[in-house]
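1. Here is my input; please provide its structure:
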Amino acid sequence: MGLDPEYLNGQTPLGEEEKEGLLIPSIATREELDEFEQQNVEEAFQWLIGKSIKPEKIFSEKFICDVHKRMLNQVWKWAGTFRHTQKNIGVDYWMVSQELNMLLGDAALWFQNEVFPPDELAIRFKHRIVSIHCFANGNGRHSRLMADIIVEKLFGLEPFSWGERSSSREGDTRADYLKALKEADNGSVDRLIKFARS
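-> Purely as a prediction, here's the structure:
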């Protein structure tokens, strides 16, 4: 296997078996991998444009997997499939489906009972799903897209900008995002909501 990417702070390394799922054998560097993945993710965005999606569909295991598959299916064989290995973060791999279904039930109740304002509901969902770490790779991007889907399709709001409007440099923006995630890990999502809209 030629792929031997260097991982940024906060990225989850792939196991050898997961690397075997690469569909483009010519990819050898992190930069090349990022480029192909980004093209695939942009196609997932295009797939969602103009779609009306009901809450019961959004808050379903099938939709969660379908979104991930659309994001990475041209790069990884296992796109849209729950991970089968332990990671440095996330629940035990055998608990992914159970934890995800608890989140989906909670999120449906949050939505039906207007427990949180729209941005907070989306960010709480994003934080919890990335904490579960459903997939071998792409969990952060997937969780951000799911938050965008929630605010746009359920509440008619603009998708989040995820630090793109910030005047910070790229490395500083990532550091701000990781700090916001750490605060959310400790129970406060305010900084993550602010970052998502910056």
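
2. mean confidence for stretch 172-185?
-> Regarding stretch 172-185, the rounded mean pLDDT is 92.

3. how about stretch 25-40: buried residues?
-> 27, 33, 36-37, 40 (16 or more other Cβ atoms under 10 Å). In this view, the C-beta of every residue, glycine as well, is placed from N, C-alpha and C.

4. out of those residues, who's nearest residue 69?
-> residue 40 (10.0 Å; Cβ to Cβ).

5. helix or strand right after the longest helix seen in the chain?
-> Longest helix of the chain, by residue count under DSSP state H: helix 30-48. Counting by DSSP states H and E, the next helix or strand C-terminal to helix 30-48 is helix 55-58.

6. What are the contacting residues of the very next helix or strand once past that following helix?
-> Downstream of helix 55-58, the first helix or strand assigned by DSSP H and E is helix 61-72. Contacting residues not belonging to helix 61-72 are listed as 37, 40-41, 43-44, 47, 53, 57, 79-82, 97, 100-101, 104, 129, 134-135, 137-138, 141-142, 145-146, 149 [Cβ atoms under 8 Å, 6 or more residues apart in numbering].

7. helices and strands around the helix or strand just after helix 61-72, which ones?
-> Next along the chain after helix 61-72, taking DSSP H and E as the criterion, comes helix 96-112. Judged by 3 or more Cβ pairs under 8 Å, 6 or more residues apart in numbering; DSSP states H and E, the packing partners of helix 96-112 are helix 55-58, helix 61-72, helix 118-132.

8. Quick check: buried residues in the second one?
-> Along helix 61-72, the positions that meet the burial threshold by neighbour count (16+ other Cβ under 10 Å) are 63-72.

9. angle of that helix against helix 96-112?
-> Angle, helix 61-72 to helix 96-112, by axes from the mean of the first three to the mean of the last three Cα atoms, to 10 degrees: 110 degrees.

10. Helix 30-48 and helix 61-72, what's the angle between them?
-> 130 degrees.

11. One more: the longest one?
-> Taking the same axes, to 10 degrees, helix 118-132 and helix 30-48 form an angle of 130 degrees between their directions.

12. contacting residues for residue 131?
-> Taking Cβ under 8 Å, 6+ apart, we find residue 131 in contact with 89-91, 185.

13. do that again at 10 Å, thanks
-> Residues in contact with residue 131 (Cβ atoms under 10 Å, 6 or more residues apart in numbering) are 89-91, 99, 103, 139, 143, 181, 184-185.

14. Ok, residue 99 next?
-> 90-92, 128-129, 131-134.

15. just residue 52 next, same as before
-> If you count contacts by Cβ under 10 Å, 6+ apart, then residue 52 has residue 153 around it.

16. ok, back up a step: quick one: which of the buried residues of stretch 25-40 is nearest residue 161?
-> residue 37 (20.2 Å).

17. show me what contacts the closest one?
-> 27, 71-72, 74-76, 79, 137-138, 141.
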